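Colleague: Turn this into a structure:
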Amino acid sequence: MTEQITCKDVARNVFITPKTIKTIAAPAEAIYKEKRSKFLAFAYPVKNEAEIKEKIAFLKKKYHDARHHCYAYTLGTDRSSYRMNDDGEPSGTAGRPIHGQLLSKELTNVLVVVVRYFGGVKLGTGGLRVAYKLAAKEVLDYAIIITKSV
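Modeller: Below you'll find the predicted structure:
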């Protein structure tokens, strides 16, 4: 004997689960030091690229004497909108490690900017990758991570 399933039965058994994202509740700051270089890390909850540009412009103005203002962000429920910027550091040594931390914590709608004051000692590409990664990790560890329904 076969059982017949009606549309009413299907509708009754379908549960729509709301889509959720992980983001940060409020801005956060951290400082990381390596071989006399100082890395100031900032994390911001953001909603769109206009807001991101505003935050970056603010930090570039406030820390105008810094050598580099490197950043990464992710936007959207599937984190498909993202960008990484090395701001004059060797390619892949700043923006990519920052972005990697956003991905490892599964965050979206978050901007992380790391401002570097050069301390006179070159870190090399490996040292830069580690320093930017740890600066981003520090600030995201300080941030309050929340799950939101969208």
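Colleague: tell me the secondary structure for K22?
Modeller: When classified by DSSP: H, G, I helix; E, B strand; the rest coil, K22 comes out as strand.
Colleague: list the contacts for it?
Modeller: With contacts defined as C-beta atoms under 8 Å, 6 or more residues apart in numbering, K22 is in contact with 105-108, 145-148. (Each C-beta comes from the backbone N, C-alpha and C, glycine too.)
Colleague: Just put the residues you listed in TSV and tack on secondary structure and neighbour count.
Modeller: Listed next are the contacts of K22 as TSV, based on DSSP: H, G, I helix; E, B strand; the rest coil; neighbours: other C-beta atoms under 10 Å:
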residue	secondary structure	neighbour count
K105	coil	17
E106	coil	13
L107	strand	22
T108	coil	24
I145	strand	15
I146	strand	13
T147	strand	9
K148	strand	14
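Colleague: Single out whichever of the residues you listed has the smallest pLDDT.
Modeller: Taken together, the contacts of K22 show their lowest pLDDT at K148, with 85.
Colleague: Next up, the contacts around the closest residue to that residue other than its chain neighbours.
Modeller: Nearest non-adjacent residue to K148, counting by C-beta to C-beta, 6 or more residues apart in numbering: I21, 5.5 Å away. Contact analysis of I21 by C-beta under 8 Å, 6+ apart lists 77, 108-109, 147-148, 150.
Colleague: average pLDDT across whichever strand or helix holds R129?
Modeller: Here R129, judged by DSSP states H and E, is contained in helix 124-142. Averaging pLDDT along helix 124-142 yields 92.
Colleague: Could you list the residues in contact with that helix?
Modeller: So helix 124-142 is contacted by 24, 28-32, 34-35, 37, 39-43, 70, 72, 89-90, 92-94, 96-98, 100-102, 105, 107, 112, 114, 123 (C-beta under 8 Å, 6+ apart).
Colleague: Would you mark the buried spots in it?
Modeller: 128-129, 131-140 (16 or more other C-beta atoms under 10 Å).
Colleague: okay, the angle between it and strand 20-24?
Modeller: 100 degrees (axes from the mean of the first three to the mean of the last three C-alpha atoms, to 10 degrees).
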